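Chemist: For reference, the sequence and a predicted model appear below.
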Amino acid sequence: MRSTTVLQLVRSEFPQILTLTIHCEGLRYIFPFKDFIASLSSLPCLRVISLIQTFGCVDFEEELVQQPLNFDPVQIRAAIIQYACRLACEISSIEAFFISERNDESCRIPIWYIKGWVRGDELRQNGVKSEIYRVPVAHGGRSSCATYYV
């Protein structure tokens, strides 16, 4: 099932959804960035989105100015900020992003990870100069959100 089809299902079943987690770890399917934006744009009430291991599952089709080279963590962080910035600009209802990305542990390069929050208004205002605010991992709890595994 394609990501856009699943997000259409989410929209039809949960039209007032405020919080959505997209977890793509281990996904072997790559989806176009434009389709990803269009699908998320169809969720008008969406305020908070968690993107977990989604960066490697999106085909940016030359959308990113800063393509990460050689898996350099600094370049990857900049590309992820640019990716989140584009999402924030295209989907104005989003107030905050939680981003969690790490390289494949089987890689022979040093292990890196990026985990934290960035505000939607900051991304829209500051663009790629925005910062990811690192926070301790939250303890488990109940909340009214949906987790979407692709």
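Modeler: Perfect, thanks for sending it. Residues are numbered from 1 along each chain as shown.
Chemist: Number of residues surrounding the spatially closest residue to A96 that is not a sequence neighbour?
Modeler: Nearest residue to A96 in three dimensions, chain neighbours excluded: V48, at 5.0 Å (CB to CB, 6 or more residues apart in numbering). Backbone N, C-alpha and C define where each C-beta goes, glycine included. Other residues near V48 come to 18 when the count uses other CB atoms under 10 Å.
Chemist: going forward, begin numbering at 629 instead of 1
Modeler: I'll keep to 629 as the first residue from here, and by that count the last item is V676.
Chemist: List the beta-bridge partners for V676.
Modeler: With DSSP bridges as the criterion, V676 is bridged to T647, A724.
Chemist: wait, what's in contact with it?
Modeler: The contact partners of V676, taken as CB atoms under 8 Å, 6 or more residues apart in numbering, are 646-648, 722-726, 773.
Chemist: From V746, how far off is the residue nearest to the spatial centre of the chain?
Modeler: Nearest to the mean C-alpha position of the chain, by CA atoms, centre = their mean, lies L679 at 3.3 Å. Look at L679 and V746: by CB to CB, to the nearest Å, they are 10 Å apart.
Chemist: same deal with E641?
Modeler: 28 Å.
Chemist: what's the answer for F659, then?
Modeler: Counting by CB to CB, the gap from F659 to V746 is 22 Å.
Chemist: What are the boundaries of the helices in this structure?
Modeler: Ranges of helices within the chain are 631-641, 661-669, 701-718, 748-754, based on DSSP state H.
Chemist: picking that back up, the residue nearest to the centre of the chain contacts A724, correct?
Modeler: No: in this structure L679 lies outside contact range of A724 using CB atoms under 8 Å: 11.2 Å.
Chemist: so where is this protein shaky, pLDDT-wise?
Modeler: For the chain, the stretches flagged by pLDDT under 70 are 629-633, 689-700, 732-739, 756, 758, 761-778.
Chemist: Need the phi and psi values for I658.
Modeler: phi -110, psi 130 (degrees, to the nearest 10).
Chemist: List the residues that contact it.
Modeler: Residues near I658 by CB under 8 Å, 6+ apart: 685-687.
Chemist: Which one of the residues you listed sits in the busiest neighbourhood?
Modeler: V686 (21 neighbours).
Chemist: Give me the common contacts of L679 and V746.
Modeler: 712, 725, 727.
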